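J.: Kindly return the folded structure for what I paste below:
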Amino acid sequence: MVRAFITGFRFRPSLNSLSRLTQPDGSRVDSAAIGQWGEDLAAQWLRRNGRKVLYRNYRAPGGGEVDIVCRHGAMLTFVEVKTRTFEGRERAAMAVNAAKEKLILKGAQAWLRMLDETKEIPRRVDIVEVLLREGELPKVTVIEGALKMRERGRELDW
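T.: Numbers count the residues shown, from 1 in each chain. Prediction:
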């Protein structure tokens, strides 16, 4: 009985393994590799928690970018992933400044233009924070509707 349960369980090594932030020679893993790992972990977490990932690393013609485009039920979600290797005073989401917000919204607008009847599609922008610490399991936090929160309740015009 236990064996049947174990064989039916899908093990995701990257979500269940300890973070390794140094290479075998002792040098640090570069920030691009850490960012990519964070995006991979975020996509796995989103899938595991009921989201359908539609596209990763969307780059809009004429500018704009979205790390992950996904569906959460009927909601179309544009996700920005922020990965950190330390837990400072500021949340990783605070690294999404006005210029980055503009790029995300431009990317989201470009994606919506590709669809028909976009006014009927509920949508939001989420930020996924991934915290990696040497020797610990990765910590993933999702902030739903994050850009609206950052605008102090004022709805964004997009």
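J.: How much space separates residue 130 from residue 64?
T.: 22 Å (CB to CB, to the nearest Å). For every residue, glycine as well, the C-beta is placed using N, CA and C.
J.: between those two, who's got more neighbours?
T.: Neighbour totals were compared for residue 130 and residue 64, and residue 130 leads with 24 against 18 (other CB atoms under 10 Å).
J.: wait, doesn't that one sit right on residue 40?
T.: No. Residue 130 lies out of contact with residue 40 (CB atoms under 8 Å); the separation is 9.3 Å.
J.: And residue 41, how close does it get to residue 26?
T.: 24 Å.
J.: out of the two, which sits in the more crowded spot?
T.: The neighbour comparison of residue 41 against residue 26 (other CB under 10 Å) goes to residue 41, with 22 against 6.
J.: in what helix or strand does that one lie?
T.: Here residue 41 sits within helix 31-48, counting by DSSP states H and E.
J.: now that helix: mean pLDDT?
T.: When pLDDT is averaged along helix 31-48, the result is 92.
J.: give the contact list for residue 73.
T.: residue 50 (CB atoms under 8 Å, 6 or more residues apart in numbering).
J.: Now it. Its backbone dihedrals?
T.: phi 70, psi -130 (degrees, to the nearest 10).
J.: Could you say which helix or strand holds residue 140?
T.: strand 139-143.
J.: Let me see the residues that make contact with that strand.
T.: With CB under 8 Å, 6+ apart, strand 139-143 has contacts from 41-42, 45-46, 49, 93, 126-131, 149.
J.: filter the residues you listed to the buried ones?
T.: Among these, those classed as buried by 16 or more other CB atoms under 10 Å are 41-42, 45-46, 93, 126-131.
J.: didn't residue 133 look like it was pressed against residue 86?
T.: Yes. Using CB under 8 Å, residue 133 is in contact with residue 86, at 7.4 Å.
J.: out of the two, which sits in the more crowded spot?
T.: When residue 133 and residue 86 are compared for neighbours, residue 133 comes out ahead with 15 against 9, by other CB under 10 Å.
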